[in-house]
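1. what shape does this take:
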Amino acid sequence: MRNIKFIIAYDGTDFCGWQAQPGQPTVQGALTDVLEKLIQSRPALHAAGRTDAGVHAAGQVVNFKTESAMSADEFQRACNALLPQSIRVNAAEEVAVDFHSRWDALAKTYRYRIFRGRVVPPFLWRYVQHDPSEMNFEAMAEAAGHFAGEHDFTSFAASTGSEDDDRERTTVRMIYSSELLRGSRADCQQGADAEEWIYAVRGRSFMRNMVRKMVGTLVEIGRGKLAPDAVLELFALRDRAKSGVTMPPQGLCLERVEYPSIAKVNI
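-> Okay, the predicted model is just below:
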């Protein structure tokens, strides 16, 4: 049995998230369908993270096991020929049979983009949240720093949909870095009044909607509805009704997944 690892990118706009769902377009479903055509069996496809509907990925990592004789390069070329243009396999390699894209991940980096110009360029609207309203960048940047470290993120995670699962899940998470950045105006390609604010967060793992709730809280702080140190109070409250709204999905992208040194298989 061989273990194939892909690094993939996708525009999540037209998908109902990563995870396969009956009768719904998903990234996992599209990729699994293509692999089934190539290897004549339906593989179990594992991902580093289950991105939600409308969320994008630049560096999602997936793996699957197969007895096919196809090389990793052949898998990459064949998948890119058959997949929709909104999903690309950017790299492929054979790795040790015990590698697992989710359980072996050491860290994930997400970015959330907020476009601050008056008018969103048509080639950006699928990938940013538009908010030209007055906001205090310095207060938001200060608050972003409070997310770093090990905390109970109950206030910043959506329900799993099951009360039993909510009670049993571990809500303590380690965040290695958390910062609000100013993107260059050139990146926006939209005149002197336009810029992007980018929230970048790197952590061990994340709960459902966690990053989008964190950004929603930062926006509330930027509008003066909460103080920057409210983040610390929200950790203690453990009440998701007290934090900011869950931001729309299109601004969020899974940028990168990190692993320990992975044993590659020499062909």
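
2. quick one: Arg116 and Ala194 touch, right?
-> Yes - counting by Cβ atoms under 8 Å, Arg116 touches Ala194, with 6.4 Å between them. Yep, even glycine has a C-beta here, placed from its N, CA and C like the rest.

3. measure the closest residue to Lys213 other than its chain neighbours to Asp131 for me?
-> Nearest residue to Lys213, sequence neighbours excluded (Cβ to Cβ, 6 or more residues apart in numbering): Phe156, at 4.3 Å. Noted for Phe156: a distance of 19 Å to Asp131, by Cβ to Cβ, to the nearest Å.

4. ok, Met207 next?
-> For Met207, the distance to Asp131 - Cβ to Cβ - is 24 Å.

5. quick one on the thing from earlier: give the residues shared as contacts by Arg116 and Ala194.
-> Counting by Cβ atoms under 8 Å, 6 or more residues apart in numbering, no residue touches both Arg116 and Ala194.

6. just checking, what packs against the helix or strand harbouring Met140?
-> Met140 belongs to helix 137-146 when assigned by DSSP states H and E. When contacts are defined as 3 or more Cβ pairs under 8 Å, 6 or more residues apart in numbering; DSSP states H and E, helix 137-146 packs onto strand 172-182, strand 196-203, helix 210-222, helix 230-237.

7. domain boundaries for the chain, per the record?
-> 2-104, 107-255 (automatic domain parsing).

8. of all those domains, which one comes closest to Ser261?
-> domain 2-104 (10.5 Å; Cβ to Cβ).

9. quote the end-to-end distance of that closest one.
-> This stretch, domain 2-104, spans 17 Å end to end (Cα to Cα, to the nearest Å).

10. please apply the same query to stretch 60-80.
-> Taking Cα to Cα as the criterion, the two ends of stretch 60-80 lie 15 Å apart.

11. from here on, count from 9
-> Yep, numbering from 9; the last one is stretch 68-88 now.

12. and that stretch, how far from the chain's centre?
-> How far stretch 68-88 lies from its chain's middle: 22 Å, per Cα atoms, centre = their mean, to the nearest Å.

13. report the buried residues of it.
-> Using 16 or more other Cβ atoms under 10 Å as the test for burial, stretch 68-88 gives 68-72, 74, 76, 78, 80, 83-84, 86-88.

14. likewise for stretch 30-50?
-> 34-40, 42-43, 46-47.

15. contacts for the helix holding Met148?
-> Counting by Cβ under 8 Å, 6+ apart, 186-188, 190, 205, 207, 225-227, 229-230, 232, 234-240 sit against helix 145-154.

16. picking up where we left off before, more crowded one of Phe164 and Asp139?
-> Ranked by neighbour count (other Cβ atoms under 10 Å), Phe164 and Asp139 place Phe164 first, with 28 against 16.

17. wait, what's in contact with that one?
-> 215, 218, 221-222, 225, 242, 248, 251.

18. now do 7 Å
-> 218, 221-222, 225, 248, 251 (Cβ atoms under 7 Å, 6 or more residues apart in numbering).

19. for Val136, same thing?
-> 121-123, 128, 204, 258-259.

20. give me the buried entries from those.
-> 121-123, 128, 204, 258-259.

21. farthest-separated two in the residues you listed?
-> Glu204 and Gln258 (13.2 Å).

22. list the buried ones in stretch 258-268?
-> 258-267.
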